[in-house]
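> With the sequence up front, the predicted model follows.
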Amino acid sequence: MDDKIYTVTSPVMGTFYRASAPGEPPLAEVGQRIKASNIVCVIESMKIFTELRSEHSGIVKKILVENEEPVMKKQPLIIIEKE
Amino acid sequence: MVFKRILIANRGEIAVRIIRACKEMGIGTVAVYSDADKDSLHVRYADDAVNIGPALSYKSYLNIDNIVGAAKKTKAFAIHPGYGFLSENASFAQACQDNGMTFIGPSAQSIEKAGNKSSARQALIELGIPVIPGSDDIILSSDMACKVADRVGFPVILKASGGGGGRGMRIAATREELIEAFSIASGEAKAAFGNPDIYLEKYIDKPRHIEIQILGDMHGNYIHLAERECSIQMRYQKLIEEAPSSFVDDEFRATLGETAIKIARSMEYFNAGTMEFLVDKDKNFYFMEVNARIQVEHPVTELITGIDIVQQQILIAAGQKLEIRQDEIIPNGWSMECRINASDPEDNFMPSPGEIESILFPGGPGIRIDTHIHDKYMVGPFYDSLIGKLIVWAQDRPSAIKRMKKALDEFQIKGIQTTIPFFRKVFENKAFIKGDIDTHFIEHI
């Protein structure tokens, strides 16, 4: 069962953003089907924006962090059920 | 007394730098700080300090209402913006003026002229200032980008109109690359500056970045304080700066200086400013942009001219006439600066926030350190990765290099990754020691 779950984690301490720019729609919503290499969120650390891409195709199960919330390195952000 | 009290609308090392300048002039200081910075050195050093909001910049250091409110509350009728944040924001300069406060910098109109790179460019072409061939207007579509690129020739570079510091820039060597780069660059520009406008230029191969520091008063007097060589960059972020440049002789310095002043005059620019040029190997130079503020690398100019640029900014803002004449500016010796960033040179310069466990600063003759960090300081992820500047002065370039090497060996920061080990390598590099550098230097070492 667990190998069906893929978790996107933050590569760096920073701020979590659900959209690629203010006013843009969120990159991923719960229930949404995404493809491998799709951008699912953005982490800003020290003014550097890093787009996080999903390594797997699947369905977004849970978004664990609120928009603009601070996150730690390796913190789980988004849970995706692999397809 | 020029001002009784100055509010510093910034944080980090530059806030500390400005507070020091004010103290030497007998001017009171007010710091502003976000929730993330309440234990910062600038808060400790200032006479008064006001919390202006949460950690995220747009809620605090970019929040014009909160900053103007803090100035009113503390009766600070002058505001120094530092660099970054609101320093080149014309609305902020205007808001200061509207509230009866002096903005220590150029006028809102000059900031607007300098900041709108597309229209600044147009005006400068008419004045006969050399600029890089490119789009005269904002690029509205990838189709338009391709048309301009075909005219000026590939490779080309896309730049954000409201940008700076390399953000929102993309290079494209082919039409396919350009189409992809356009959509990414405009997204980045909007995210970083709230302005999606993009323009396009011919990309100059292996150029040097050489800039001229100018000072202008409100009475039409201008001087330049010679050049800074800033070719050592990583993703358009400067890492090492020096003054003078080994590539610039007296004649070329005079040409660049006169050009910089001509640009400043055309914008009715006053206060401190920097005109950035790209210089190719044949000494063709192209004006890039005006930095309408104090710059990170200003200390190298201070050390070779003996002029305190921040204090000059304050005097100029108070309406005083420049007391320094151009013929009094004779560069003396050599100065170099390393930007100490909380980033990991072993991991592609990725940000490296965290707590500083311990720190040992270098010392001795000709060493200057501008910083806000100390033992147990928490380097948060909210702001720029610059945590300090190591600046040396010596009689000539080889002596400055030796002094910098010694200082880098002494400099110890534990707890986070920094650019210090990377600089130790650069200062051993033969091409660097010879002064054989261009803006792509770092990619090749």
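Sure, I can see it. All values derive from a computational prediction rather than experimental measurement.

> use CA for all of it now, contacts and neighbours both
OK.

> Under the pLDDT cut-off, which ranges of the chain? List them.
In the absence of a named chain, this looks at chain A. A:1-2 (pLDDT under 70).

> That was the other one, I meant chain B.
B:1, B:162-168, B:190-194.

> Dead centre of it: give me the residue that sits there.
Of all residues in chain B, the one closest to the mean position by C-alpha atoms, centre = their mean is residue B:295, 3.5 Å from it.

> the strands in chain A, which residues?
For chain A, the strands defined by DSSP state E cover A:5-9, A:14-17, A:33-34, A:39-45, A:48-53, A:58-63, A:70-71, A:76-82.

> Those into CSV, with extra columns for distance to chain B and mean neighbour count?
Output for the strands of chain A, formatted as CSV (distance: least, C-alpha to the nearest C-alpha, whole Å; neighbours: other C-alpha atoms under 10 Å in any protein chain shown):
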stretch, distance to chain B, mean neighbour count
strand A:5-9, 16, 18
strand A:14-17, 5, 24
strand A:33-34, 20, 18
strand A:39-45, 5, 23
strand A:48-53, 8, 17
strand A:58-63, 21, 19
strand A:70-71, 9, 21
strand A:76-82, 17, 20
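
> Ok, which of those comes nearest residue B:56?
Within the strands of chain A, the stretch nearest residue B:56 is strand A:14-17; the backing value is 8.7 Å (C-alpha to C-alpha).

> What is that closest one packed up against?
strand A:39-45, strand A:70-71 (3 or more C-alpha pairs under 8 Å, 6 or more residues apart in numbering or on different chains; DSSP states H and E).

> Tell me which of those lies nearest to residue B:401.
Where these are weighed against each other on C-alpha to C-alpha, the nearest is strand A:39-45, at 32.1 Å.

> quick one, the closest one and strand A:76-82 angle?
Going by axes from the mean of the first three to the mean of the last three C-alpha atoms, to 10 degrees, strand A:39-45 is angled at 160 degrees with respect to strand A:76-82.

> if we can go back for a sec, report the contact partners of the nearest residue to the residue nearest to the centre of chain B once chain neighbours are set aside.
Distances taken as C-alpha to C-alpha, 6 or more residues apart in numbering or on different chains place residue B:83 nearest to residue B:295, at 6.2 Å, with adjacent residues excluded. By C-alpha atoms under 8 Å, 6 or more residues apart in numbering or on different chains, the residues touching residue B:83 are B:10, B:14, B:293, B:294, B:295, B:296.

> ok, back up a step: out of the helices and strands packed on strand A:14-17, which is closest to residue B:22?
strand A:39-45 (31.7 Å).

> Sheet partners, orientation included, of that closest one?
Sheet pairing for strand A:39-45, assigned by DSSP bridges, gives strand A:14-17 (antiparallel), strand A:48-53 (antiparallel).

> could you give the angle of that strand to strand A:5-9?
Going by the same axes, to 10 degrees, strand A:39-45 is angled at 30 degrees with respect to strand A:5-9.

> Identify the residues contacting strand A:39-45?
A:10, A:12-20, A:26-28, A:49-54, B:351, B:381-383.

> on contacts alone, who are the packing partners of the biggest strand by length in chain B?
Criterion DSSP E: the longest strand present in chain B is strand B:222-234. Using 3+ C-alpha pairs under 8 Å, 6+ apart, the elements in contact with strand B:222-234 are strand B:208-216, strand B:237-243, helix B:250-266, helix B:298-305.

> need the ones you listed in a markdown table with distance to residue B:172 and mean neighbour count, can you?
Putting these into a markdown table (distance: least, C-alpha to C-alpha, whole Å; neighbours: other C-alpha atoms under 10 Å in any protein chain shown) gives the following:
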| stretch | distance to residue B:172 | mean neighbour count |
| --- | --- | --- |
| strand B:208-216 | 20 | 25 |
| strand B:237-243 | 19 | 23 |
| helix B:250-266 | 29 | 18 |
| helix B:298-305 | 32 | 23 |
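
> Same list (those) but as JSON lines, adding distance to residue A:59.
Formatted as JSON lines, the helices and strands packed on strand B:222-234 follow (distance: least, C-alpha to C-alpha, whole Å):
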{"stretch": "strand B:208-216", "distance to residue A:59": "48"}
{"stretch": "strand B:237-243", "distance to residue A:59": "39"}
{"stretch": "helix B:250-266", "distance to residue A:59": "56"}
{"stretch": "helix B:298-305", "distance to residue A:59": "52"}
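
> right, and those - which one's nearest chain A?
strand B:237-243 (11.7 Å; C-alpha to the nearest C-alpha).

> quick one: is that closest one near chain A?
No. Applying C-alpha under 8 Å from any C-alpha of the partner chain, one finds strand B:237-243 out of contact with chain A, separated by at least 11.7 Å.

> what are the pairing partners of that strand, and which direction each?
Its sheet considered, strand B:237-243 pairs with strand B:222-234 (antiparallel), strand B:334-341 (antiparallel) by DSSP bridges.

> could I get these as TSV with mean neighbour count?
As requested, the strands paired with strand B:237-243 are exported to TSV (neighbours: other C-alpha atoms under 10 Å in any protein chain shown):
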stretch	mean neighbour count
strand B:222-234	24
strand B:334-341	25
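
> Those into JSON lines, with extra columns for distance to residue B:96?
Shown next, in JSON lines, are those (distance: least, C-alpha to C-alpha, whole Å):
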{"stretch": "strand B:222-234", "distance to residue B:96": "24"}
{"stretch": "strand B:334-341", "distance to residue B:96": "31"}
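
> Show me the one of those strands that comes nearest residue B:242.
strand B:334-341 (4.2 Å).

> And for the closest one, what's in contact with it?
When contacts are defined by C-alpha under 8 Å, 6+ apart, strand B:334-341 is touched by residues B:238-244, B:297, B:299-301, B:303-304, B:385-397, B:400-401, B:404, B:418-420, B:423.

> from the middle of its chain, how far away would it be?
Averaging C-alpha positions (C-alpha atoms, centre = their mean, to the nearest Å) puts strand B:334-341 13 Å from its chain's average.

> hmm, the helix or strand just after that strand in reach of chain A?
Using DSSP states H and E, the helix or strand that follows strand B:334-341 in sequence is strand B:343-344. No. Shown here: strand B:343-344 not in contact with chain A (C-alpha under 8 Å from any C-alpha), separated by at least 9.2 Å.

> anything in the next helix or strand after strand B:343-344 near chain A?
Downstream of strand B:343-344, the first helix or strand assigned by DSSP H and E is strand B:350-351. Yes. Strand B:350-351 lies within reach of chain A by C-alpha under 8 Å from any C-alpha, at residue B:351.

> elements contacting strand B:350-351?
Using 3+ C-alpha pairs under 8 Å, 6+ apart, strand B:350-351 is in contact with strand B:343-344.

> State the distance from residue B:133 to residue B:258.
22 Å (C-alpha to C-alpha, to the nearest Å).

> likewise residue B:230?
Taking C-alpha to C-alpha as the measure, residue B:230 falls 20 Å from residue B:258.

> what's the domain layout of chain B?
B:5-104, B:133-202, B:208-444 (automatic domain parsing).

> Now do the first one: distance from first to last residue.
The first and final residues of domain B:5-104 sit 12 Å from each other (C-alpha to C-alpha).

> Then the last one?
The stretch domain B:208-444 measures 15 Å between its terminal residues, going by C-alpha to C-alpha.

> which non-adjacent residue is nearest residue B:101?
Once flanking residues are discounted, residue B:101 sits nearest to residue B:77: 4.6 Å by C-alpha to C-alpha, 6+ apart.
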